[in-house]
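Asks: predicted model, plus sequence, below.
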Amino acid sequence: MGDDMERIRKLFGSFSFYRSLFLLVFPIALQQLLSMGMSFFQTFLVGAYVKSQGNDVHESMLLVQIGNRYFLAFQALLLAVSITSSLFFAKYLGDEKEDALRKVMKANLVLSFFSALFMLVIGFLFRYPMLKALIQAKDSTISIHTTATFYLFLLLSLIPLSITNMFSYMLRNLKKTKYPLISTTISFLFHGLLSFILLYYTPLKIVGISVSFFLSRILETLILYKLYKKNIHFIQGFYKEKGYKGELFNILKKGWPVLLSQLLQEIFLLLMFFAYARIAKGQAKELAAMNFVTQVADIAYAILGGMGTATAILIAIPLGKKKIEEARNNGRYIQGYVIVFSLILSLAMLIFLPIYQSLTGEDPFLKEVFILQIISLPFLFYSQNLMFIMRSAGYTKGHFWITIFPSLAIKVPFVILFVFFYPSLYEKLPFLETIQKTLGLTPSLLMFLYLLDRFLEIARAFIAFFLYHKVKWYERKLEKANEG
């Protein structure tokens, strides 16, 4: 009996492991949820305000979502920088190299800050062309100028966010997850209260929400820095470090597949955003519905972000100490945790649907895309988690094969062909409508492309499974320039 229990523990892991994993991940997941929720909250606040004024809710919510989409896209790039840096941080933590830890933190700060600055400039220069292209010059209840101003303060928020990300990921690797949670919770509450005041009691109205968002991000950074200075008694003064260029080069050399893949992934998201806008021809209702579902998925994915840090700790640190078998076992146990957790989270997403419909009314199209998103979400969680595990060991090219390759091979060609090159092709292929009707969906080109996108999530899960068992990821090293 004792031998049987030992075999079960070795195969599936012990209760204490899952308990420790949950305690590690939960504060991170909650902090990520609140951070993403600050953007998600804006959609509902604007919707409620516009509805109270008797204006078009769909158009108003869509215009706010445009700004959020750009912000979230480049927030993901900032996260990629911090995640890549945290892999080196976890390794040096396992090696107990304090000098190297300071250099990684300085390199992360420099990369994050200048990336955010670049994103701000690009977004500012092209804010009007992007907004006009997305709403197709249709009359709106919110003017282009108002939306561009709203959007500008979201862009400015990237600067404090770049610093916050650096602190958050380093503190998580030190298992000080409560500090990012405290700072984000306070800033979230501040954002909610100040947004309400500026929206209803000042001339700023809707722009006041983005002003509040910007100030909240500054507050979050200041609180987190104060907590870091007070409670972390080593690796102090990292921002004065001068010999960090070697680590910056290491991060770029090893992390470029992750950074490039993340950039391409966000470009693909924006491509789909423009493709959907072109298909809908200015009809805000369907666009707003699809972007709402995307935002819900972004929140779910943000919760998974805690698993990225967990794998960096549970995989990179043991490997740094040459404990390969421990790292492989941890990788297997983490998979079981993610599978169960993703199923629970997919069902929990349903709570957002009636809240949104209370503002916009019943919408069969919204329900269909929402259900498709829920079905595909566990596959997304699984593929991304396997990618986290392999990346934590040093196999950073997995991001390209799992996330980018399916889009390059399938999504991008289909979108270019059906939307931009040959718009009438869909009508000449009746079997595509037959497939959608068979699945109980309302047939349309918009729905077909969304269905294709969800199919790719399933394909990515199979690709990740293949790579995980094919590539000896546990033998990779972060210092290597080539992975073979």
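Replies: That came in fine, so what should we check first?

Asks: so, low pLDDT: which residues of the stretch 301-450 of the chain?
Replies: Low-confidence segments of the stretch 301-450 of the chain, defined by pLDDT under 70: 302-306.

Asks: near the closest residue to Asp95 other than its chain neighbours, how many other residues are there?
Replies: Nearest residue to Asp95, sequence neighbours excluded (CB to CB, 6 or more residues apart in numbering): Gly320, at 5.3 Å. Quick note: C-beta positions are derived from backbone N, CA and C, even for glycine. If you count neighbours by other CB atoms under 10 Å, Gly320 ends up with 19.

Asks: ok, now Ile355?
Replies: Neighbours of Ile355 under the rule other CB under 10 Å: 10.

Asks: one more: the one 4 residues further on?
Replies: The local packing of Leu359 (other CB under 10 Å) involves 17 other residues.

Asks: just checking, what packs against the helix or strand where it lies?
Replies: Assigned by DSSP states H and E, Leu359 belongs to helix 352-360. Counting contacts by 3 or more CB pairs under 8 Å, 6 or more residues apart in numbering; DSSP states H and E, helix 352-360 packs against helix 15-52, helix 57-95, helix 284-311, helix 364-393.

Asks: want to throw those helices into JSON lines with distance to Leu449 and mean neighbour count?
Replies: Output for those, formatted as JSON lines (distance: least, CB to CB, whole Å; neighbours: other CB atoms under 10 Å):
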{"stretch": "helix 15-52", "distance to Leu449": "22", "mean neighbour count": "19"}
{"stretch": "helix 57-95", "distance to Leu449": "17", "mean neighbour count": "24"}
{"stretch": "helix 284-311", "distance to Leu449": "10", "mean neighbour count": "23"}
{"stretch": "helix 364-393", "distance to Leu449": "11", "mean neighbour count": "22"}
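
Asks: and Leu199, which of those helices is closest to it?
Replies: helix 15-52 (5.9 Å; CB to CB).

Asks: ok, the closest residue to Leu24 other than its chain neighbours to Ile28 distance?
Replies: Nearest non-adjacent residue to Leu24, counting by CB to CB, 6+ apart: Ala310, 5.5 Å away. Distance of Ala310 to Ile28, given as CB to CB, to the nearest Å: 8 Å.

Asks: repeat that for Met387.
Replies: Applying CB to CB, the value for Met387 to Ile28 is 17 Å.

Asks: picking that back up, tell me what angle the helix holding Leu359 forms with helix 57-95.
Replies: 150 degrees (axes from the mean of the first three to the mean of the last three CA atoms, to 10 degrees).

Asks: got the CA positions of helix 352-360 in CSV?
Replies: Output of helix 352-360 as CSV, limited to C-alpha atoms (Å, rounded to 0.1, in the frame of the first residue of the first chain):
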residue,chain,number,x,y,z
PHE,A,352,-19.4,38.4,-17.6
LEU,A,353,-22.0,37.7,-20.3
PRO,A,354,-25.1,38.8,-18.4
ILE,A,355,-23.3,41.9,-17.1
TYR,A,356,-22.4,43.0,-20.7
GLN,A,357,-25.9,42.2,-22.0
SER,A,358,-27.4,44.3,-19.3
LEU,A,359,-25.9,47.3,-21.1
THR,A,360,-26.3,46.2,-24.7
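
Asks: rebuild the helices and strands packed on helix 352-360 as CSV, extending it with distance to Ala107.
Replies: Below are those laid out as CSV (distance: least, CB to CB, whole Å):
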stretch, distance to Ala107
helix 15-52, 22
helix 57-95, 6
helix 284-311, 18
helix 364-393, 18
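
Asks: dihedrals phi and psi, Leu204?
Replies: Note on Leu204: its backbone torsions stand at phi -60, psi -30 [degrees, to the nearest 10].

Asks: that one contacts Val211, correct?
Replies: Yes: shown here, Leu204 and Val211 form a contact pair, counting by CB atoms under 8 Å, at 6.2 Å.

Asks: could you tell me which residues touch both of the two?
Replies: Here Leu204 and Val211 have Leu198 as joint contacts, going by CB atoms under 8 Å, 6 or more residues apart in numbering.

Asks: between these two, which is the more surrounded one?
Replies: Between Leu204 and Val211, Val211 has the larger neighbour count (other CB under 10 Å), namely 20 against 17.

Asks: how much space is there between that one and Leu198?
Replies: 6 Å.

Asks: quick check: neighbours shared by those two?
Replies: Jointly contacting Val211 and Leu198 under the rule CB under 8 Å, 6+ apart are Leu204.

Asks: what's the helix or strand for Tyr347?
Replies: Let me fix one detail, which is that residue 347 is Leu and not Tyr. Element membership for Leu347 (DSSP H and E) is helix 324-348.

Asks: that should have said Ile163, apologies.
Replies: helix 158-173.

Asks: need the residues that contact whatever helix or strand comes next after that helix.
Replies: For helix 158-173, the following helix or strand on the C-terminal side (DSSP H and E) is helix 178-201. Residues outside helix 178-201 that contact it (CB under 8 Å, 6+ apart): 27-28, 30-31, 34-35, 37-38, 41-42, 45, 49, 164, 167-168, 171-172, 204-206, 208-209, 211-213, 215-217, 219-221, 223-224, 227-228, 231.

Asks: quick revisit: got the buried residues for the helix holding Leu359?
Replies: Going by neighbour count (16 or more other CB atoms under 10 Å), the buried part of helix 352-360 is Phe352, Leu353, Tyr356, Leu359, Thr360.

Asks: and the contacts of it?
Replies: Applying CB under 8 Å, 6+ apart, the contact partners of helix 352-360 are 44, 47-48, 51, 57-58, 61, 285, 288-289, 292, 296, 363, 366-367, 370.

Asks: recalculate using a threshold of 7 Å.
Replies: Gly47, Ala48, Lys51, Val57, His58, Phe292, Val296, Asp363, Phe370 (CB atoms under 7 Å, 6 or more residues apart in numbering).

Asks: excluding covalently adjacent residues, which one is nearest to the third one?
Replies: Read that as Lys51. Spatial nearest neighbour of Lys51, chain neighbours left out: Val57 (5.1 Å); criterion: CB to CB, 6+ apart.

Asks: just Arg69 next, same as before
Replies: Nearest non-adjacent residue to Arg69 (CB to CB, 6+ apart): Phe273, at 5.9 Å.

Asks: just give me the neighbour total for that neighbour.
Replies: Neighbour number of Phe273 under other CB under 10 Å is 22.

Asks: and Phe118, by the same measure?
Replies: 13.

Asks: tell me the confidence at Ile223?
Replies: For Ile223, the pLDDT comes out at 95.

Asks: find the nearest non-adjacent residue to it, please.
Replies: Per CB to CB, 6+ apart, closest to Ile223 is Ser183, 4.0 Å.

Asks: then Val110?
Replies: Leu248 (6.4 Å).

Asks: still on that earlier bit, right, and the helices and strands packed on helix 352-360 - which one's nearest Phe420?
Replies: helix 284-311 (17.1 Å).

Asks: quick one: buried residues of whichever helix or strand comes after that closest one?
Replies: Downstream of helix 284-311, the first helix or strand assigned by DSSP H and E is helix 317-320. Residues of helix 317-320 classed as buried: Ile317, Pro318, Leu319, Gly320 (neighbour count, 16+ other CB under 10 Å).

Asks: turn those into a markdown table, including distance to Ile334.
Replies: Shown next, in a markdown table, are the buried residues of helix 317-320 (distance: CB to CB, whole Å):
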| residue | distance to Ile334 |
| --- | --- |
| Ile317 | 14 |
| Pro318 | 12 |
| Leu319 | 14 |
| Gly320 | 17 |
